[in-house]
Structures are given as structure tokens and as C-alpha cells.
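1. Pasting the sequence and the predicted coordinates here, then a few questions.
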Amino acid sequence: MEDDNALEEREEELSSIAAIFPELELDDKEPFRARLEIPVELASPLRVCFPASTDGEKPPVFPTPPSSEDDGHARSGKESSRSELQTHDLCFLPAVRLDIALPHGYPESVPPEFILHATVPWVPQATLNALQQEGEKLWDEYGHSQVVFGYIDFLQQAAERAFDLASGDLAMELPGSMRLMLLDYDKLAKRRKFEQSTYDCGVCLEPKRGSSCYKMARCGHVFCVSCLRDFYTSCINEGDVVSVKCMDPSCGKDPKLTSKKRKQRTLGPSELLQIPLDNALVKRYVNLKRKKKIEADKTTIYCPRKWCQGPARSTKYPKITSFDNYADSDSEPEDEIQALPDIPPHDPNKIDRLAICEDCEFAFCRVCLAGWHGDFVRCWPRTAAELSEDEQASYNYIRANTSPCPTCNSPVQKTHGCNHMTCFQCRSHFCYLCSAWLDSANPYQHFNNPGTSCFQRLWELEEGDNGQGAHFDGPRAAEIAALEVLQADLHAEAEALVDQNENVVIPEHGRARQEAELFAEALNELHLRQQDEPAVRVPDRARGPVPIRELPGMNFRIIPPRRAGIERFIEMALNDEEDAWDSDELDDSDDDFANLR
Amino acid sequence: MSGKKRIVKELGEITSSPPDGMRVRLVDESDVHIWEIFMDGPEQSVYSGGTFRLVLTLPKDYPFKPPILAFQTKIYHPNVSNDDKGSMCLGMLRSDEWKPPNKILAVLNMARNLLVEPNPDDAVETGIAEQYKSNRKEFEKTAKDWTKKYANAKK
């Protein structure tokens, strides 16, 4: 009778437990045995750390080598546990398994048998033992009645508190071998919980399953994937990359933070891929971001090829080949652009002049913007500070009395003879007047073509080029032309002054001196301008002779108030009113230009 | 895109429980992108007694782009352009400040709060803003006059 009753009671208890916990596994073979997994989901996260060594071995790396044995040991031990051990806050830990057996005589006279087993041994056995004993105590407290549900409830509450294994802020130490497993478990469980929850997307205002939502990595705001995709796709397509941030209005607006810190950061490409956005779009995003940075950087040098104009390769903004090498942008604040260090004033001897266009791979000189001429060529313009007085004088001389070789740019001076030149440096044959390459087999044909600018001028300047100005300027043409404009401009100003005030007369003999001064002045001014605008693009013009008539349209920034003076100069030049120094060249270059076409 | 669905949802919320002193409806029942709002001048403001008609236009990529809010009734206010457009451009209405989760209700409440407390530091009408700051009495007088004249205030 009694037996039957107890049998029934045990059966009844287990079936009601099974109704409450559907995951309860009943033992098929032995009656009154069951198994239940107690999940560990913590109310507040458990701080854990994984010491590298557990058996008193030296940790693999000491933060600082100990100075003396004793002192060092004590200190490094402390320090290593602090600095080397990363702590992790876990919310989910592997479940604890509870085996239940209700023996004959339960609940009246025999206590239930509870055995606890940690599926991953993160709970110390001593703790499990203590918990097991609680079962019997509870059975006593309940006055020997059905206790299984009460015990499970007790265990669940204990699990929520991580079985009281954490003490205050101290991290719980666990063997390093469990590290990956526990971290993975926590991550997966969080993910699973996220996917099973429901969120109200603030954009489409619809409740969405977590599985179709995404949680922003930095701030934790949740939006539905389709809204995120729509928004970021539209931002990136419109080129508005600075808006690729968390959409939440309060995000990045914490008044407690300083304005700099408050600045919201844009998302990194890896996060966009996780949402997920299309690969091609993310690629466009990183490229746009990089382009913006390159363009904001005043030190960027662009390819002098007019059809290319790509930026020169730079270590500061490496070309993006995969998203991996762009990982650093994940955390970069938007205002970093301004914080970029300016290139320090360079040592003239050390400046690396070789620049290579990252788009067309053209190698060029970042100083003179001509094709790369090797390390040992002195090129122009350089900064005025780089030139000594002697160098300046040499340059002035070179400028006034030489033509550059069309092949290697070496300054070539004709001392006497015909205008068929052979470069001392590279043995190119060329015309001294127009720099055309000449056929070494028949170099003089160039001077025998009627209608060309050099027709029958083989013997011009037979006595050599002594600054008569008939030489070809080559890559320096633009600079020289600009100087001439400036010079003429100053002339015009001086003349205007004379007109205004008859008393001030510039004596004719003083004029030569004045011009020399003007020249130096103008040169200086040009240097200053070049420094102000490092990206002035002249090389396309520098490739050929520059007709003076074209001057007003040139790339050189001409200060507007002076424009009137320039126009006047050109008018005078055309009417041959001014000195003879330019009229000759004017005709030449015009013809040249016509020939080139 | 989910834009239209969201607009309908917002319209439903606002018409079923309209914010204080406002009546909202569509200008044309077939177009959810243009809303008409009648806003009473708040009691404690110089616009009290007047009723202002506003038009809220939702761009086709709303909520990714901010709505456009304009006063159709002439109003003397530093943050409302004094022309036939009556446009406003401040705070969350600016495209660089707009965030998609912002709602129309918040936009309307912002407009109403501006009637109570203009924001002269972010003004479109600098003259009015200047007056608001330096000669509040004169400002209030004109604002009240205009409210009477254009917004049908009784007194």
C-alpha cells in the first residue's frame, strides 16, 4: 500500500517536473532517474581571467626584467597578473548538469540523490559538492516531502549568481585551456539570445526578430538589417561617407564627453561587411574615404600627366587592396585629417624627389614635376631656402645661357658653331633653337625645310649663345614666361608712376641695373608662390615652347589687380613697342607652335 | 524601401493622438508625402491666439533624408524665412543633423517649441534675430501684430 503510494508519488513528481521543464530527460532504462541541464545565464556578468600558467611556472613574458631576484619576483608577479591577464566579462557559461535519482523510500524516509556535473569544468568540484549537499538539507527543511522542484529552483537562482564564485571586483581565475571555449560559448549564447529576441527598429518602426537585426559594434544600438543596408547604401552611393555612422540620434551626443571625443566615428569596412553590405559597395566606401583624405592632405602630389592626375604613391595612405589592410580605419576619429602631421621642413639633401603615380605608374620628380631624371640632377623650382648664393648665381646663368637637352634635361650651352647640337651627357642630337630631336644620319635637313621656324637658321648665333635669348627654354619655359610677365608688369607699373609724376625719371643707364634687380626680385617672388602652391601644375606646358600670346590663360595664378598691366604689356609686345628682347622670340614661338600642330 | 509604410504608420499615430494644439491631415489623400499642419500659437508665446498653417514635405527617401517644414502663414520669427516660402532650416531639419530614427512628431514638437522660444543664434532672419536679442519689446510687438494680421488672432 505504502509502496504503491510512494511509487505513485515519485512518478507524479517527475512527470510534473517534466511538464515544467520539457528539456528534462527521463532515463529509459531505470525508472525515477532523470537528467536536467541547468543553464547558466548571469544576471550580472562574471569577470574572469585566464592566467597563462597555473602551476607556478614563470609567465612567458615579464613586463619588465626584474632588477634583483627578490624584489623582482614579488613585483613582476603582481604586475604580470595585472597587465598580462586580460579579464573578460561573461554573461553565459556552459550549463551544469543535474542527475536526479529518486530512490526507494523517497520522499518519506530516503533523501533524493542529486549529482551535479559541470559540462565544462569551470565550476570547482568543491562548489558542486556543496551544492549537492544543499539538496539533502532542503529535503530536511521541506519535512521529507517532494523537493525536486524546490532544488532545481534553488540551483537556478545560484546559477544566476554564478554560484557565488565571483567575489567583488576580483576576477575569477580559470585555466588558460578553457579560454577559447568559454569565450566562444559566451559569444554564441549572446548571439542566440539576440536572435531570439524582438527589437523595434527605429527606422522602419517595425518590430523585428533579432535574427534580422544587427547590433552596432561600438554603441550597441540595434536596427534591422534591411534599414541599415538601405541607409548605408544610399549614403555610399551619394558619396556621403561621413554619414556612415550609427543612425541613433542620441549616439555620439553624450554631453559629458568633450566635443572632440563626442565626434561620432564612421563605421569600419569590416562592420559594414558584417551587416552585411555588398562587397562592391564597401570597396567604394573605403576608396571614397581614402580619396577624401588624400585630397584633404595639402602635401599630396598629383601625377603631372594631364590625362591621369592620380595621386603619387604614399605610405600615409596606402592603396587599398583588401579590407584587411584598412582595418585601422575602424577606430579612427573623423577629425584625424586635421591632426595629420605636416611634413617637417625638409633637408634639401635628403628630400626624396622620386614620386610614382599610383594610377598610371609614371615616375616623376616631385619638385620639378618632370619625368624622373635620377637623383643627381639639379632641378627647378626648388625652395629658395635650398639655394645658396652661388647656386642662385649658377642657376641664373644656366637659365640665361643654356638650353636643356630634350632627352636628359642637362643644361647645354652652345659656345660656337651651328645649331645642330649633340648632348655631352646622352649624345642626343637636337636643334639648339627649338630642341627638336635631329636624325643623327641627316641632322641638317631640319634647317632646310622651308616654312619651319628653323629654316635657314643653322648658323644663327655662330659665335655662341651669350644670353641673346635665342636658346630654347624647355621645361623652364613656363617659369621664364611667368617671370617675363612679372617683369613687364613691373615695367608698366614703373612707367605709370613716371606718367603720374614727371619729376621721377628713371635714367636710361640705370635701367639695366634696375632690370637685374627686378629679375632677382621676380625670381624671389616666384619662389614664394611656388612654396605657397606646391601643386601648381606646369609640366604639360613646360614640354614645348610656350607662345607668349597664350600667357593670360596660363595656369600661373596672376594676381588680379595686375591683370591690366599684363594686358597692356601684351599689347605693347604685339605692337613691338617695348625692348627688342621679346619680339624675336615671340615670332619664333608662334611659328613653332604652328608647326607643332 | 520601407519609407511609405513608415510614413503611413507615423501619420496614423499622429492623427489618432495629435500633439497639443495641432491638427494634421494630408493635403491630398493620395499622396502621403505632403502633410498639412494647423498649429495654434502656444499660450505662453507672442503667437498666442493665432493659427498657423504649415506644410511638411517628406522627400522620397524619407526617413533617410529629413522632412522639409515650411510656414504657409506669414510669421515674424528669427528662424522662419520672411518670404513666400516660410522655410525653416535648423536642428534636426538640417541634412547633416538628421538621423533616420527621428520622427515627424519630434519635428512638429520642435517647431512648436521654437514658437515659445526662438533660437536667435541659428537664425535665417538675422535682422529679426538681432531685434529679438537687443529689443525684445519691439520684436514682441511686431510678432503680435503679424499674428493678428496674418494668423487670424482675435485680440
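-> Received, thanks. Numbering: from 1, shown residues only, chains lettered A, B, ... in the order given.

2. Ramachandran coordinates for A:Ile356?
-> phi -130, psi 130 (degrees, to the nearest 10).

3. Now for it: which residues touch it?
-> Counting by C-beta atoms under 8 Å, 6 or more residues apart in numbering or on different chains, A:Ile356 makes contact with A:Ala312, A:Arg313, A:Phe362, A:Ala363, A:Phe364. C-beta here means a position set from N, CA and C on the backbone, and glycine is covered the same way.

4. Please name the bridge partners of it.
-> For A:Ile356, the beta-bridge partners under DSSP bridges are A:Ala363.

5. Repeat that for A:Pro404.
-> Bridge pairing for A:Pro404 - DSSP bridges - gives A:Pro411.

6. isn't it right next to A:Cys423, touching?
-> No - contact criterion C-beta atoms under 8 Å: A:Pro404 and A:Cys423 do not qualify, at 9.5 Å.

7. Compare neighbour counts for these two and give me the winner.
-> More crowded of A:Pro404 and A:Cys423, by other C-beta atoms under 10 Å in any protein chain shown: A:Pro404, with 23 against 17.

8. Now tabulate the contacts of A:Ile356 in CSV and tack on pLDDT and neighbour count.
-> Formatted as CSV, the contacts of A:Ile356 follow (pLDDT from 0 to 100; neighbours: other C-beta atoms under 10 Å in any protein chain shown):
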residue, pLDDT, neighbour count
A:Ala312, 84, 21
A:Arg313, 82, 16
A:Phe362, 89, 17
A:Ala363, 90, 12
A:Phe364, 88, 23
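
9. what's the average pLDDT for stretch A:437-447?
-> For stretch A:437-447, mean pLDDT is 83.

10. tell me which residues of it are tucked away?
-> Counting neighbours by 16 or more other C-beta atoms under 10 Å in any protein chain shown, one finds that the buried residues in stretch A:437-447 are A:Leu438, A:Pro443, A:His446, A:Phe447.

11. now, among those, which is nearest to A:Met181?
-> The closest of those to A:Met181 turns out to be A:Leu438 (C-beta to C-beta; 79.9 Å).

12. The closest one is in contact with A:Cys423, isn't it?
-> No - under the criterion of C-beta under 8 Å, A:Leu438 lies out of contact with A:Cys423, with a separation of 11.0 Å.

13. Skip the chain neighbours and tell me the closest residue to the closest residue to chain B within the stretch 201-350 of chain A.
-> For the stretch 201-350 of chain A and chain B, the shortest gap (C-beta to the nearest C-beta) falls at A:Gly202, measuring 3.3 Å. In this structure, A:Gly202 finds its nearest non-sequential neighbour in B:Pro101, 3.3 Å apart by C-beta to C-beta, 6 or more residues apart in numbering or on different chains.

14. tell me which element A:Glu9 is part of?
-> Under the criterion of DSSP states H and E, A:Glu9 resides in helix A:2-20.

15. average pLDDT across that helix?
-> 77.

16. Next secondary structure element downstream of that helix?
-> Next helix or strand after helix A:2-20 toward the C-terminus (DSSP H and E): strand A:25-26.

17. Quick check: neighbours of that next one in the sheet, parallel or antiparallel?
-> Sheet pairing for strand A:25-26, assigned by DSSP bridges, gives strand A:33-49 (antiparallel).

18. Just the buried positions in the partner strand, please.
-> Buried residues in strand A:33-49, counting neighbours by 16+ other C-beta under 10 Å, are found at A:Arg33, A:Ala34, A:Arg35, A:Leu36, A:Ile38, A:Val40, A:Leu42, A:Leu46, A:Arg47, A:Val48, A:Cys49.

19. where does A:Asp352 land in three-state SS?
-> Counting by DSSP: H, G, I helix; E, B strand; the rest coil, the backbone at A:Asp352 sits in coil.

20. How much space separates it from chain B?
-> Applying C-beta to the nearest C-beta, to the nearest Å, the value for A:Asp352 to chain B is 39 Å.

21. Just give me the neighbour total for the closest residue to A:Ser440 other than its chain neighbours.
-> Leaving out its chain neighbours, the residue that sits closest to A:Ser440 by C-beta to C-beta, 6+ apart is A:His429, at 4.8 Å. A:His429 is flanked by 19 other residues according to other C-beta under 10 Å.

22. May I have the residues that are in contact with A:His429?
-> Residues near A:His429 by C-beta under 8 Å, 6+ apart: A:His420, A:Met421, A:Thr422, A:Cys423, A:Trp437, A:Leu438, A:Asp439, A:Ser440, A:Pro443.

23. Need the pLDDT of A:Gly77.
-> With respect to pLDDT, A:Gly77 scores 40.

24. what do you get for the one 3 residues further on?
-> In the prediction, the pLDDT value recorded for A:Ser80 is 44.

25. Low-confidence stretches in the chain?
-> Picking chain A for this. Along chain A, the parts satisfying pLDDT under 70 run over A:1-7, A:52-85, A:168, A:253-264, A:321-351, A:380-388, A:425, A:463-483, A:497-597.

26. Switch to chain B, please.
-> B:1-2, B:153-155.

27. And the strands in it?
-> B:22-26, B:34-40, B:51-57, B:68-71 (DSSP state E).

28. To A:Gly105, which of the ones you listed lies closest?
-> A:Gly105 lies closest to strand B:22-26 among those, at 74.5 Å (C-beta to C-beta).

29. which residues sit against that closest one?
-> B:11, B:14-15, B:18, B:32, B:34-40, B:108, B:112.

30. What is the most widely separated pair among those?
-> B:Val32 and B:Asp40, at 24.1 Å, using C-beta to C-beta across those.

31. all helices for chain B, in order.
-> For chain B, applying DSSP state H gives helices covering B:3-16, B:104-116, B:126-134, B:136-150.
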